[in-house]
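Asker: Sequence below, structure please.
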Amino acid sequence: MSARIIEPGAQLTVEIESALQVIAESAEISDHTGVPRSHIDLLACAGAHGAPRALAQQREVTERLAGADASTWFCWSQHQTPLRTMLEGGNQSASESLSRRWLSGLQGGEFLAAIAFAHVRRGGPPNPVAHQCEGGWELTGTLDWVTSWDIADVLMLLAFTEDKSKFVIFYLPIRDFTEEFNSCVVGESLKLLAMSGTHSRPITFDHTLITSDCVFSVIDADKWLVADSMKTILPNPAALGVARGAIEQLNEVASSRKQEQGIIAASELASKYHGLRERAYAATDNPKTPRSALVSLRVQILEFAVECAIAVITASSGGAMLMGNAAERRAREAVFLQIQAQTQETRNAALTRVTTK
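Answerer: Residues are numbered from 1 along each chain as shown. Predicted structure coming up:
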């Protein structure tokens, strides 16, 4: 195996390094049979599950995990928002009891959270919609994509009120879900081009009663969307991680096959990666960075992940076309990141670059 050519952004503990190694070695299996809960448990035991780390370390964990197996990264990443939301506190009568039930386990690794809120970024009528009723709220509509369903313990769900002025934040236990919440249907795992290992399922609600003891907050929708829009324009550390993993694989393939041009390409891509990483995190950390500059960096890094994945396929030749080859998995992961947390703003920026190059 060739020596790594990417300089780390921060040092990680031996325990986290060991967990990343196990996850990387089984990435192709996880891609096709699903991320095992044991991957999340490994990260929890290594101290990388709930408690926030120093910023440089958190970014390094994100990059390395996405480069090892993006499906595991996505399940792990989805957990962070329910955790942060609960740490910030709720404003309903059940907020404290919900925190007592879930928070310690979410922090320590006993519990894994799934999340459903991508639907609130779309335009048009609310779907699903929450209607306040006696004893709680009725949910009607469909969640197209709930990640980690088969391995998670609790679902954090955001739903618009009928007039779209408020969001209702629910924490719903996943065990015996359809028995506890009547008139809802959990669909089969989605067959996806990429990230099929993330246990993503659709859920349909038909006037499903969610009692008040599952309601954590009712918040202003516009304020939440403004704050969310600032997150979705930031350069994505996971995309840097997928690119980083691809560069390391390219160097390994080229070195083992004595492909001089491949070794040169890996070195040049590594240099480009270091430059993009430095610019991305400096821009993210500077509150004066213009919004347009953040969007541009995000799009550039997403393109770079695809570029690096294609380079691995090129160096790997025909073998990269076989399902189960790490090269073809990386290409699908890089494609997935083009639409993960996508908004109209970032989509337009990406498509504009296609037509102006």
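
Asker: Just the pLDDT at the residue nearest the centre of the chain, thanks.
Answerer: Taking CA atoms, centre = their mean, the centroid of the chain lies closest to residue 74, which sits 3.6 Å from it. We have a pLDDT of 95 for residue 74.

Asker: any idea what sits nearest it, other than its immediate chain neighbours?
Answerer: The shortest distance from residue 74 to any non-neighbouring residue, by CB to CB, 6 or more residues apart in numbering, is to residue 198 (5.2 Å). For glycine as for every other residue, the C-beta is placed from the backbone atoms N, C-alpha and C.

Asker: Now do the lowest-mean-pLDDT helix or strand in the chain: which elements does it pack against?
Answerer: One helix or strand of the chain scores below all others by mean pLDDT, DSSP states H and E: helix 344-356, with a mean of 88. On a contact count with 3 or more CB pairs under 8 Å, 6 or more residues apart in numbering; DSSP states H and E, helix 344-356 meets helix 221-232, helix 291-316.

Asker: now could you export just the CA positions of that helix as CSV?
Answerer: Provided in CSV are the C-alpha atoms of helix 344-356 (Å, rounded to 0.1, in the frame of the first residue of the first chain):
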residue,chain,number,x,y,z
GLN,A,344,-32.3,26.4,-5.8
GLU,A,345,-29.4,28.7,-5.1
THR,A,346,-26.7,26.1,-5.2
ARG,A,347,-28.3,24.2,-8.1
ASN,A,348,-28.4,27.4,-10.2
ALA,A,349,-24.8,28.1,-9.3
ALA,A,350,-23.7,24.6,-10.4
LEU,A,351,-25.7,24.7,-13.7
THR,A,352,-24.4,28.2,-14.4
ARG,A,353,-20.8,26.9,-14.2
VAL,A,354,-21.6,24.2,-16.6
THR,A,355,-22.7,26.7,-19.2
THR,A,356,-20.0,29.3,-18.6
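
Asker: Show me what it is in contact with.
Answerer: 123, 229, 232, 233, 295, 296, 298, 299, 302, 303, 338 (CB atoms under 8 Å, 6 or more residues apart in numbering).

Asker: That one relative to helix 221-232, how many degrees between them?
Answerer: 40 degrees (axes from the mean of the first three to the mean of the last three CA atoms, to 10 degrees).
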